[in-house]
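Student: Quick one, fold the following:
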Amino acid sequence: MVLNNYDWWALITVFINSARNNMQFDVYSRSKATQGSYCTMEVICVQLFIFLLTSRISRSDWVSEWMSPIEDQLGIAQRRFDGESMISQINQDEETMKTTLEPNMSKEMSVVNLKIKLDQTMRTAKVLAETLKIQIRDLVARETMLKEAITDGRLGVTTLTVSTMSQVPRSYIIRDGRWTLCNGMIQFPVAGQASSTNLFNGLFSEPRCIGREVVTLQDPCVFNSVIKYDVIPSTRAAEYTEEEFLCLKPTFNTTLERYMSVTKEIVNDTCKDGAVRSLAETNLECGVRILSEYSFYPRKSSAAATLPLEYCIEQDGSCKLIVAWHVSNASIENFEFLKNENNFKKYFIKSGPYIEHII
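Tutor: Numbering: from 1, shown residues only. Below is the predicted model of the structure:
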């Protein structure tokens, strides 16, 4: 029979308790012989305990073996606890990493997507901008072609009324670049009559002068673009003052050109196909504000069909062009309309006595 650690521990415990019970005696009530026997028994019990303990220790570390189940149980519990803690910590770390990485990854993806969308938007904007530039250039070219045809009376007949702030309005008829002054009244085609098939439809297809029509040069107050010069004086004077000159041109330009502190030779070299006049002469002859109102009646021909006639929206089939200038020492301003602007015409030259004239 092999005793395990638990049996040995129970046997030793019973033995010691029995020895203690037998060794309890009263030295005053027992005899010396009896005392001696009990002392001998005590010595035997102690020796037997020592023998058993020595024998057990010589065989193995019974304390360690006896404690091993407890240690194992505690170790298993500790390992179980450590494993659960480790798993919990790993899960917590994973959640922390997800919580930390997901926003960062989301932010990075958002930045990447935003950059891609921004690049696409920029490329689309560039394409649209180039397309818009091309369309604007084409539109400006078509409008310029129509405006030049109107002012020259090319491929049709043009009537012109010039109004200034100091003079009576003047009426002209322009045919293929030739100007005639109408000393009288201009009769315009009536809507509906120009397309009629009666024998006199030719009389109503174009405007005509009721009165005396005189061949003349271009009106000195009519121009479509300006170059401004600040010219240095040719002679010395007590006070240095630069003169202001203008190059009045019949062609159209989208920008106002200006030369500062130049000589008169520069003016003559750069003013091509224009009239050179000082600013004072222009204001004296034409006033500060000039209004030119054109009415263009295109001929019914294949050549006239190449013009952008979608601007010809008047009831009599004509195209309107209004060119207005404000020319002074302070500023030079230009206004152009490819349609009839009654309110603008009414208030642009509001101080002149002839603005509300009837032709």
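
Student: Where do the strands of the chain begin and end?
Tutor: Using DSSP state E, the strands found in the chain span residues 156-164, 170-175, 178-187, 208-216, 225-231, 243-249, 257-262, 275-278, 289-298, 319-327, 332-337.

Student: Check what pLDDT residue 1 gets.
Tutor: With respect to pLDDT, residue 1 scores 50.

Student: One more: the one 3 residues further on?
Tutor: Reading off the per-residue confidence, residue 4 sits at a pLDDT of 53.

Student: To residue 129, which of the strands of the chain lies closest?
Tutor: Within the strands of the chain, the stretch nearest residue 129 is strand 332-337; the backing value is 24.7 Å (Cβ to Cβ). To be clear about C-beta, it is placed using only N, CA and C from the backbone, and glycine gets the same treatment.

Student: Tell me which strands the closest one pairs with, and in which orientation.
Tutor: strand 319-327 (antiparallel) (DSSP bridges).

Student: Tell me what angle the partner strand forms with strand 225-231.
Tutor: Angle between the axes of strand 319-327 and strand 225-231 is 10 degrees (criterion: axes from the mean of the first three to the mean of the last three Cα atoms, to 10 degrees).

Student: will you turn the strands of the chain into TSV that also has mean pLDDT?
Tutor: Formatted as TSV, these follow (pLDDT from 0 to 100):
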stretch	mean pLDDT
strand 156-164	94
strand 170-175	96
strand 178-187	94
strand 208-216	93
strand 225-231	94
strand 243-249	93
strand 257-262	92
strand 275-278	93
strand 289-298	95
strand 319-327	95
strand 332-337	94
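
Student: Under the pLDDT cut-off, which ranges of the stretch 1-150 of the chain? List them.
Tutor: Within the stretch 1-150 of the chain, the stretches with pLDDT under 70 are 1-91, 93-107.

Student: re earlier: of all the strands of the chain, which one is nearest residue 313?
Tutor: Nearest to residue 313 among the strands of the chain is strand 319-327; the distance by Cβ to Cβ comes to 8.0 Å.

Student: that older thread, export the strands of the chain as JSON lines, with columns for mean neighbour count and distance to residue 307.
Tutor: Formatted as JSON lines, the strands of the chain follow (neighbours: other Cβ atoms under 10 Å; distance: least, Cβ to Cβ, whole Å):
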{"stretch": "strand 156-164", "mean neighbour count": "23", "distance to residue 307": "9"}
{"stretch": "strand 170-175", "mean neighbour count": "19", "distance to residue 307": "15"}
{"stretch": "strand 178-187", "mean neighbour count": "16", "distance to residue 307": "19"}
{"stretch": "strand 208-216", "mean neighbour count": "13", "distance to residue 307": "22"}
{"stretch": "strand 225-231", "mean neighbour count": "19", "distance to residue 307": "21"}
{"stretch": "strand 243-249", "mean neighbour count": "19", "distance to residue 307": "22"}
{"stretch": "strand 257-262", "mean neighbour count": "13", "distance to residue 307": "27"}
{"stretch": "strand 275-278", "mean neighbour count": "16", "distance to residue 307": "27"}
{"stretch": "strand 289-298", "mean neighbour count": "22", "distance to residue 307": "6"}
{"stretch": "strand 319-327", "mean neighbour count": "21", "distance to residue 307": "8"}
{"stretch": "strand 332-337", "mean neighbour count": "14", "distance to residue 307": "17"}
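
Student: Any chance of CSV for these, columns distance to residue 113?
Tutor: Shown next, in CSV, are these (distance: least, Cβ to Cβ, whole Å):
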stretch, distance to residue 113
strand 156-164, 58
strand 170-175, 62
strand 178-187, 66
strand 208-216, 70
strand 225-231, 51
strand 243-249, 55
strand 257-262, 49
strand 275-278, 62
strand 289-298, 55
strand 319-327, 52
strand 332-337, 47
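
Student: who's in contact with residue 157?
Tutor: 173, 174, 175, 206, 207, 296, 297, 299 (Cβ atoms under 8 Å, 6 or more residues apart in numbering).

Student: Please repeat the previous calculation with a cut-off of 10 Å.
Tutor: 173-176, 189, 205-208, 295-299, 318 (Cβ atoms under 10 Å, 6 or more residues apart in numbering).

Student: what's the farthest-apart pair in the residues you listed?
Tutor: Longest span within the contacts of residue 157, Cβ to Cβ: 176 and 189, 18.6 Å.

Student: out of the two, which sits in the more crowded spot?
Tutor: Taking other Cβ atoms under 10 Å, residue 176 and residue 189 do not tie; residue 189 has more neighbours (22 against 11).

Student: Touching, the more buried one and residue 298? I think so.
Tutor: No: Residue 189 lies out of contact with residue 298 (Cβ atoms under 10 Å); the separation is 12.0 Å.

Student: Name the residues contacting each of these two.
Tutor: In contact with both residue 189 and residue 298: 157, 317, 318, using Cβ under 10 Å, 6+ apart.

Student: how near is the first one to residue 337?
Tutor: So the one you mean is residue 157. 20 Å (Cβ to Cβ, to the nearest Å).

Student: From residue 245, how far out is the closest residue to residue 228 other than its chain neighbours?
Tutor: The shortest distance from residue 228 to any non-neighbouring residue, by Cβ to Cβ, 6 or more residues apart in numbering, is to residue 258 (4.6 Å). Using Cβ to Cβ, residue 258 is found at 11 Å from residue 245.
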